[in-house]
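**Q** sequence plus the predicted model coming up.
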Amino acid sequence: MKTCKEFCDNLSDYLDGEMSSDECRLIEDHLAMCPPCALMYECLKTTVSICEKGVSEDMPEDVKERLKVFLRTHCKSDRLKFREE
Amino acid sequence: MGYTNLFVAVCISVMRKGTVEDQAAIDQVLSGDYDAFEKLVEKYQGRVYRHLRKMVKDGQQAEDLLQETFLSAYKGLESFSGSSSFSTWLFRIATNSALMFLRKKRPESVEYNDEIGGGGNHDMMMHSSEFIRTPLEVLLSREGREKIEEAIEGLPVLYRTTIVLRDVEGFSLKEVADIMDTSVAAVKSRLHRARNSVRGTLSSYYTERDVDAN
């Protein structure tokens, strides 16, 4: 018989779809009868969901511009090499 | 076909389309079309910059590493075999550059035996209900986003790199393992701990916030 900690240790893999169908059923049965573990699962699911949506991809325009200039300057010699082949 | 299978099929189809488009752009670059490279840069620069900022936690260093990453990618494009996707290959270059930088400049920040909590304990769970009761618009408000970023940035570098690659950038476990040059088992273990640590930090924050509000 698995302990709650052992079930909780597998929740991350369960979220990632990394468990077999038998293991999934065991976890789902446990979550249905153990409110603390079900709460843990909901918290973990919320965490994963908001990490995906909550970290900004904003990149300052001046960083973009400097990257473009840097690459145009430093890639010049390799551009000629690619063309010759 | 169930909804989950349909979703997976759509994702695979979109990924394949992206991979085919990237390969066509790479072929154009190798035949001398520099504009095609700039299109690849435009496509990936935001994600790579975000990843590097999370790794080194410094905007200027992230910018330097971003430039180094795309220059290395350009110079090494002929060696890109296509055995992985272009994005996986590009993120591997970025990750290696950042890890090399950190080992050289801040070796104390790259400890492989860094241990973090996050084993899942019931005491912490008792404090978690406020977190999941908090509306999504609050969790993703400006303040909420700052807390998510703080929680991730508080992790040791290998853990925050793992959670960013998997949960923010959406790479598969196998791709994260390829990018970080480690095993899928190591990725799963780090991810489990990182997610639970972030969960614990956010749960505590929303519990305290709820107490302060009452």
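**A** Yep, that arrived. Residues are numbered from 1 along each chain as shown, chains lettered A, B, ... in the order given.

**Q** tell me which element the residue in chain A positioned nearest to chain B is part of?
**A** Relative to chain B, the nearest point of chain A is residue A:8 (3.2 Å; CB to the nearest CB). C-beta coordinates here come from the backbone N, C-alpha and C atoms, glycine included. Mapping residue A:8 onto the secondary structure by DSSP states H and E places it in helix A:4-9.

**Q** swap in residue A:22?
**A** In this structure, residue A:22 is located in helix A:21-33 according to DSSP H and E.

**Q** for that helix, buried residues please.
**A** The neighbour-count check on helix A:21-33 (16 or more other CB atoms under 10 Å in any protein chain shown) flags A:26, A:27, A:30, A:31 as buried.

**Q** before we move on, what about stretch A:51-70?
**A** Counting neighbours by 16+ other CB under 10 Å, one finds that the buried residues in stretch A:51-70 are A:51, A:54, A:55, A:59, A:63, A:64, A:67, A:70.

**Q** which residues does the last one contact?
**A** Right, residue A:70. B:67, B:71 (CB atoms under 8 Å, 6 or more residues apart in numbering or on different chains).

**Q** again, only this time at 7 Å
**A** Counting by CB atoms under 7 Å, 6 or more residues apart in numbering or on different chains, residue A:70 makes contact with residue B:67.

**Q** residue B:49 versus that one, what's the distance?
**A** With distances defined as CB to CB, to the nearest Å, the gap from residue A:70 to residue B:49 amounts to 13 Å.

**Q** please apply the same query to the second one.
**A** Computed with CB to CB, the distance linking residue A:54 and residue B:49 is 17 Å.

**Q** return the residues of chain A in contact with chain B.
**A** Proximity of chain A to chain B, by CB under 7 Å from any CB of the partner chain, involves residues A:4-5, A:8-9, A:12-13, A:16, A:18, A:36, A:39-40, A:42-44, A:46-48, A:50-57, A:59, A:63-64, A:67, A:70-71, A:74-75, A:78-79, A:82-83.

**Q** again, only using 6 Å
**A** Contacts of chain A with chain B, taken as CB under 6 Å from any CB of the partner chain, map to A:5, A:8, A:12-13, A:36, A:39-40, A:42-44, A:46-48, A:50-55, A:57, A:59, A:63, A:67, A:70-71, A:74-75, A:78-79, A:82-83.

**Q** those residues in helices, which ones?
**A** When the residues of chain A next to chain B are checked against helices (DSSP state H), the matches are A:5, A:8, A:12-13, A:36, A:39-40, A:42-44, A:46-48, A:50-54, A:63, A:67, A:70-71, A:74, A:78-79, A:82-83.

**Q** which among those end up buried?
**A** Using 16+ other CB under 10 Å, the buried ones in these are A:8, A:12-13, A:36, A:39-40, A:42-44, A:46-48, A:50-51, A:54, A:63, A:67, A:70-71, A:78, A:82.

**Q** so for the top helix by length along chain B, mean pLDDT?
**A** When chain B is scanned for its longest helix (criterion: DSSP H), the result is helix B:184-213. Computed over helix B:184-213, the mean pLDDT rounds to 88.

**Q** same for that helix, what does it pack against?
**A** Taking 3 or more CB pairs under 6 Å, 6 or more residues apart in numbering or on different chains; DSSP states H and E as contact, the helices and strands that helix B:184-213 lies on are helix A:11-15, helix A:35-54, helix B:129-133, helix B:142-153, helix B:157-163, helix B:173-180.

**Q** buried sites along stretch B:150-164?
**A** Applying a neighbour-count criterion of 16+ other CB under 10 Å, one finds B:151, B:152, B:155, B:156, B:157, B:158, B:159, B:160, B:161, B:162, B:163, B:164 buried in stretch B:150-164.
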